[in-house]
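Q: kindly return the folded structure for what I paste below:
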Amino acid sequence: MIGPVDCRGKGVAATSGITYNTVMHLVIDTNVWVAALKSSRGTSYKLLSMIADERLQLHVSTPLVVEYEAILKREIVTLTPKDIEAIVDYLCLVASKHEIFYLWRPLLKDANDDHVLELAVKAEAIIVTWNLRDFHAATTLGIEAVTPREILKRLEDQS
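A: The predicted structure follows:
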């Protein structure tokens with residue numbers, strides 16, 4: 001059961017002692033998509049097959065969508081470019097879209113990941129990635145980076 005929602009779409013817990021599931025706001029790093037599309041047996045695939053789950057809210061920005069499409073078309077040879085475009089189009093349909101107006105570059109070890117951090121700050125979201133080391137500095141801005149495995153564990157704990 002999903003509890004009340006405040007004006008920004010975040011789940012809020014009731015004070016009556018009843019615990020409600022809250023919505024997890026997520027920014028998915030491209031490496032999670034690559035892993036999911038390369039193998040349907042892994043944690044990444046399991047998480048991304050749940051993107052329509054009401055306990056999850058994905059967030060995207062134009063730079064991240066462009067990165068998704070470019071890298072997936074390059075890395076996933078088992079799908080056609082049209083298949084990749086359909087996947088990215090679906091993601092854009094279900095995700096909250098954000099424009100980013102501020103930059104803290106460079107902040108991360110890999111400057112190519114700074115746009116992911118900027119989106120997470122704007123969306124007040126958790127970064128889901130397999131490269132935790134690359135997002136270590138995200139904590140300085142109050143952003144958590146976790147693996148897909150950790151998100152699945154949190155979802156299971158909510159059930």
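Q: quick one, helices of this protein?
A: Taking DSSP state H to define them, one finds helices in the chain at 30-38, 43-48, 62-75, 81-94, 114-123, 148-158.
Q: the nearest residue to Ala125 once chain neighbours are set aside bridge partners, please.
A: Of all residues not flanking Ala125 in the chain, His25 sits nearest, at 3.9 Å (CB to CB, 6 or more residues apart in numbering). For every residue, glycine as well, the C-beta is placed using N, CA and C. Counting by DSSP bridges, His25 is bridged to Gln57.
Q: ok, residues contacting stretch 144-153?
A: 24, 26, 32, 35, 43-44, 46-48, 126-130, 132, 135-136, 138 (CB atoms under 8 Å, 6 or more residues apart in numbering).
Q: now list the buried members of the residues you listed.
A: Buried subset of the contacts of stretch 144-153 (neighbour count, 16 or more other CB atoms under 10 Å): 24, 26, 32, 35, 43-44, 46-48, 126-130, 135, 138.
Q: farthest-apart pair in those, please.
A: The span of those, defined through CB to CB, is set by Lys46 and Ala138 at 23.8 Å.
Q: circling back: which among the helices of the chain is found nearest to Ile100?
A: That would be helix 114-123 among the helices of the chain, by CB to CB, at 4.9 Å.
Q: cool, thanks, talk later.
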